[in-house]
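Colleague: any chance you could fold what I've pasted below:
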Amino acid sequence: MNLTTQKRLAASILKVGLNRVWIDPEQIEEVSRAITRESVNQLIKDGIIKAKPKKGISSYRSKKIAEQKKKGKRKGRGSIKGAKNARSPKKKVWMTTIRALRSDLKKMRDEEEINATTYRKLYKMAKGGAFKSKSYMKTYARDHDLIK
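Modeller: Purely as a prediction, here's the structure:
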């Protein structure tokens, strides 16, 4: 039985697409007799024709992936796009290390572990790129008897 007209009318009344119109399969005979807007409207009120619920987009997979990434998974060689310096630019790396070194030097000076002359010397060395981390700088200072 061809119910295209009824479906079209129902879709227009319900303000949904044709694919979201549901017709009760047991009442097809009654629906096929409805040829006017009013009769289709009556069938909608009776619950013989309904609008199917909207289909949502499930966020289950994306949430699961996000959780895995939080744990540090899915970050292997195959996932890497962009060069090493695109992912963490040289400038940014330099900024983080130099800030750490300088704050450590200031702390050492304020706590009087080193004097102003030593502070200045180590500061200049840090600026020149002599130390790659705080631990390297502390080791250098200990080895050269610069810490009191």
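
Colleague: domain assignment for the chain?
Modeller: Domain assignment for the chain by automatic domain parsing gives 4-51, 86-143.

Colleague: endpoint to endpoint, the first one covers what distance?
Modeller: Start to finish, the residues bounding domain 4-51 are 15 Å apart (C-alpha to C-alpha, to the nearest Å).

Colleague: begin at 694 from now on, thanks
Modeller: With the count now opening at 694, the last piece we talked about shows up as domain 697-744.

Colleague: picking up where we left off before, just put the domains of the chain in a markdown table and tack on mean pLDDT, mean neighbour count and distance to K764.
Modeller: All C-beta atoms are positioned from the backbone trio N, CA, C, and that covers glycine. Formatted as a markdown table, the domains of the chain follow (pLDDT from 0 to 100; neighbours: other C-beta atoms under 10 Å; distance: least, C-beta to C-beta, whole Å):
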| stretch | mean pLDDT | mean neighbour count | distance to K764 |
| --- | --- | --- | --- |
| domain 697-744 | 96 | 15 | 40 |
| domain 779-836 | 96 | 14 | 19 |
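
Colleague: any idea which of those domains gets closest to I758?
Modeller: Of all those, it is domain 779-836 that lies closest to I758, at 18.9 Å by C-beta to C-beta.

Colleague: so Y833 touches K825, yeah?
Modeller: No. Y833 is beyond contact range of K825, at 10.9 Å (criterion: C-beta atoms under 8 Å).

Colleague: N778: neighbouring residues, count only.
Modeller: Using other C-beta atoms under 10 Å, N778 has 11 neighbouring residues.

Colleague: that one belongs to a strand?
Modeller: No. Assessed with DSSP: H, G, I helix; E, B strand; the rest coil, N778 is helix; it does not lie in a strand.

Colleague: distance of the residue nearest to R713 when sequence neighbours are not counted relative to L702?
Modeller: Of all residues not flanking R713 in the chain, K745 sits nearest, at 4.6 Å (C-beta to C-beta, 6 or more residues apart in numbering). Distance, K745 to L702, using C-beta to C-beta, to the nearest Å: 16 Å.
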